[in-house]
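Visitor: coords please:
(one chain, ligands or ions: 2)
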Amino acid sequence: MAAFSPVAGFAVSQDPDRLFAQPLERVPDFVFNEAVVRVFPDMIKRSVPGYPTIVENIGVLAAQFAQPHSVLYDLGSSLGAVTQALRRHVQTADCRVIAVDNSAAMVERCSEYLHAQDAMFQELLPAEVIEADILSLTLQPTSLVAMNFTLQFIQPERRLELLSRIRQALLPGGALILSEKLRFEDDEQQALLTELHIAFKRANGYSELEIAQKRNAIENVMKPDSLEQHRERLLAAGFRKVVPWFQCLNFASLIALP
Ligand SMILES: Nc1ncnc2c1ncn2[C@@H]1O[C@H](C[S@+](CC[C@H]([NH3+])C(=O)[O-])CC(=O)[O-])[C@@H](O)[C@H]1O
Ligand SMILES: O=C(O)C(=O)Cc1ccccc1
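Guide: Ligands and ions are numbered 1, 2, ... in the order given. Next up is the predicted model:
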């Protein structure tokens, strides 16, 4: 089903996420395929506490860091929610947005959304989406890099090199905005916030079976780090300052300054 969205200004997929509603004999590893694309807006809103607030405010924050005549990156863009927030909020002269994702299904739908926006609104920042692995992407000089829940899907041993390349590409006055699910080193805190996240999902209509099967699907592909690991790795990558600006349960967003 597609419904008109007053925020996006055009029809977006509104299919409810029922991907894990039926018992599966074997739960396959989670992949960002066509089936996920169809339900993605519903899935991420019902699964990530604070997601709409984070996305909208990335636009607000980005407007403070965007430098004239520069590129803004949305790395792991999925359907381009962050790209759209950047286009709505950033008014800095001669900026353009490059969204990147390695899922062909995501890129195809994201591109449709961007073209629909181009057709409906004037004076939006130019935006393009490219299908690429962010680990092998050459970054242009950039004033703003957003990675909204993407780093957690990168192999842990490659995270530092990626952040180092982002740091090297960042212009003075720019920033990286990094949102991630967090893990906690204190067992009691980890258990409490995991339980509260499950309560959040339950309150959003997910059954115990859906919650359990989704957990199995993501456990091999999504590896959260602790806030301390993020901070240390960002400093090791050459960032000089790490400032958390949002946390809701076990989901957080950080600003890292070059
Ligand atoms: N190596 C990679 N290269 C490029 N893309 C990748 C890679 N690995 C994973 N991805 C992509 O990163 C995205 C992660 S979702 C981001 C949500 C979005 N930012 C949002 O604000 O709506 C987060 C989530 O679903 O929890 C997917 O689209 C992957 O295809
Ligand atoms: O669903 C979860 O439990 C998550 O932690 C986040 C998520 C959201 C969307 C796709 C994959 C993971």
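
Visitor: all helices of the stretch 151-258 of the chain, in order?
Guide: 159-169, 187-203, 208-218, 227-236 (DSSP state H, counting those that start in this stretch).

Visitor: in TSV: those helices, plus distance to Thr92.
Guide: Every C-beta, even on glycine, is put in place using the N, C-alpha and C of the backbone. Putting the helices of the stretch 151-258 of the chain into TSV (distance: least, Cβ to Cβ, whole Å) gives the following:
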stretch	distance to Thr92
helix 159-169	17
helix 187-203	35
helix 208-218	36
helix 227-236	24
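
Visitor: distance-wise, check the closest residue to Lys223 other than its chain neighbours relative to ligand 2.
Guide: Distances taken as Cβ to Cβ, 6 or more residues apart in numbering place Pro156 nearest to Lys223, at 5.5 Å, with adjacent residues excluded. Going from Pro156 to ligand 2 by Cβ to the nearest ligand atom, to the nearest Å gives 16 Å.

Visitor: ok, back up a step: among the helices of the stretch 151-258 of the chain, which is nearest ligand 2?
Guide: helix 208-218 (5.2 Å; Cβ to the nearest ligand atom).

Visitor: in that closest one, which residues are buried?
Guide: Residues of helix 208-218 classed as buried under the neighbour-count rule (16 or more other Cβ atoms under 10 Å) are Glu210, Gln213, Lys214, Ala217, Ile218.

Visitor: in these, find the pair that's most separated.
Guide: Farthest pair in the buried residues of helix 208-218 (Cβ to Cβ) is Glu210 and Ile218. Separation: 12.4 Å.

Visitor: ok but Leu72 is inside a strand, no?
Guide: Yes: the assignment for Leu72 is a strand, going by DSSP: H, G, I helix; E, B strand; the rest coil.

Visitor: and it, how many neighbours?
Guide: The local packing of Leu72 (other Cβ atoms under 10 Å) involves 27 other residues.

Visitor: tell me the contacts of it?
Guide: Contacts for Leu72 (Cβ atoms under 8 Å, 6 or more residues apart in numbering) come out as 62, 66, 86, 90, 95-98, 125, 142-146.

Visitor: can you do 6 Å?
Guide: Residues near Leu72 by Cβ atoms under 6 Å, 6 or more residues apart in numbering: Leu86, Cys95, Val97, Leu144.

Visitor: check the gap between the residue nearest to Phe30 when sequence neighbours are not counted and Ile211 for me.
Guide: Take Phe30 and drop its neighbours on the chain: the residue closest to it by Cβ to Cβ, 6+ apart is Ala217, 4.1 Å away. To Ile211, Ala217 is 11 Å away according to Cβ to Cβ, to the nearest Å.

Visitor: the closest residue to Ser103 other than its chain neighbours: how many residues sit nearby?
Guide: Computed as Cβ to Cβ, 6+ apart, the closest residue to Ser103 that is not its neighbour in sequence is Phe32, at 3.8 Å. With neighbours defined by other Cβ under 10 Å, the count for Phe32 comes to 19.

Visitor: how about the one 5 residues further on?
Guide: Other residues within reach of Val37, judged by other Cβ under 10 Å, total 22.

Visitor: what helices or strands is the helix or strand containing it leaning on?
Guide: In this structure, Val37 is located in helix 34-47 according to DSSP states H and E. Here helix 34-47 touches helix 104-120, going by 3 or more Cβ pairs under 6 Å, 6 or more residues apart in numbering; DSSP states H and E.
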